[in-house]
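**Q** Quick check, what structure comes out for this input:
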Amino acid sequence: MEKKTTKYSVNSREKPKIKENRKDESRGRLTKFSIVIAIIIIVMVSMVSCFAVTLNIKRIEAKRTQTAIEVVQDLYQFSKVEDLDNNMLKIRNLTTQSVYNQLTVDNEERTLNTYLKFKGDATSVNVVKATSSYILYTLTNKNIDKDRVFIFMYDCNSKGKLSNVRESECLDFLK
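**A** Have a look, this model is predicted:
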């Protein structure tokens with residue numbers, strides 16, 4: 001009588017191929033699933049980071065615009081020389097030293113000229129449009145025509161201070 005042996009006997013050291021194939025398939029599915037989850041997490045983190053950066057940029061631009069509006073208001077909203085002097089102290093904190101020197105009315109000659117220009121009448125600034133690089137505004141004063149529009153262009157440094165300013169009157173050539 002001949003003894004029949006099977007390929008997968010208990011004493012055999014070979015593992016059945018069916019079990020190996022199942023393990024390989026489950027490892028492959030687990031690896032693919034892990035990769036998909038990792039990609040989803042990376043995409044979500046990237047989206048949240050972009051959103052946070054965008055919000056921060058908008059917040060910084062809004063702060064810079066507000067700073068420029070304050071400078072324009074401090075330059076022109078006063079009713080007496082003492083108010084103008086106090087405004088210049090505020091401007092010193094909102095601008096770089098070179099811009100402050102450009103805008104300053106600390107010397108008596110410029111203070112007197114600015115004061116006489118507005119003849120001591122109360123002046124208010126009406127912002128027409130404000131962006132992160134310029135402000136369009138009008139001045140309300142009985143000595144200045146209300147239809148005159150001025151532009152205050154500016155740049156800010158990394159500290160949020162105005163580092164470069166230009167100011168001009170906007171003229172409408174076509175009517």
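
**Q** what element comes up after the helix or strand of the chain with the lowest mean pLDDT heading to the C-terminus?
**A** Least confident helix or strand, the chain: helix 108-118 with a mean of 56, by mean pLDDT, DSSP states H and E. Next along the chain after helix 108-118, taking DSSP states H and E as the criterion, comes strand 124-130.

**Q** Pull the residues that contact that next one.
**A** Contact with strand 124-130 is made by 65, 68-69, 72-73, 76-77, 135-141, 149, as judged by CB atoms under 8 Å, 6 or more residues apart in numbering. Yep, even glycine has a C-beta here, placed from its N, CA and C like the rest.

**Q** Export only the CA atoms of it, formatted as PDB.
**A** Taking Å, rounded to 0.1, in the frame of the first residue of the first chain, the C-alpha atoms of strand 124-130 are listed here in PDB:
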ATOM      1  CA  SER A 124     -13.300 117.300   8.100                       C
ATOM      2  CA  VAL A 125     -12.000 114.600   5.900                       C
ATOM      3  CA  ASN A 126     -14.600 112.600   3.800                       C
ATOM      4  CA  VAL A 127     -13.100 109.400   2.500                       C
ATOM      5  CA  VAL A 128     -14.500 108.600  -0.900                       C
ATOM      6  CA  LYS A 129     -12.600 105.400  -1.500                       C
ATOM      7  CA  ALA A 130      -9.900 103.600   0.500                       C
END
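
**Q** Would you check how far apart the most centrally placed residue in the chain and Ser34 are?
**A** The residue lying closest to the centre of the chain (CA atoms, centre = their mean) is Ile57, at 2.6 Å. Computed as CB to CB, to the nearest Å, the Ile57 to Ser34 distance reads 35 Å.

**Q** ok, now Glu61?
**A** For Glu61, the distance to Ser34 - CB to CB - is 41 Å.

**Q** the more surrounded of those two?
**A** Regarding Glu61 and Ser34, a neighbour count based on other CB atoms under 10 Å identifies Glu61 as having more, with 14 against 10.

**Q** In a strand, the more buried one, correct?
**A** No: assigned with DSSP: H, G, I helix; E, B strand; the rest coil, Glu61 falls outside any strand and is helix.

**Q** Stretch 162-170: which residues count as buried?
**A** 162-163, 165 (16 or more other CB atoms under 10 Å).

**Q** likewise stretch 81-101?
**A** By 16+ other CB under 10 Å, the buried positions in stretch 81-101 come out as 84, 87-88, 91-92, 94-96, 99-100.
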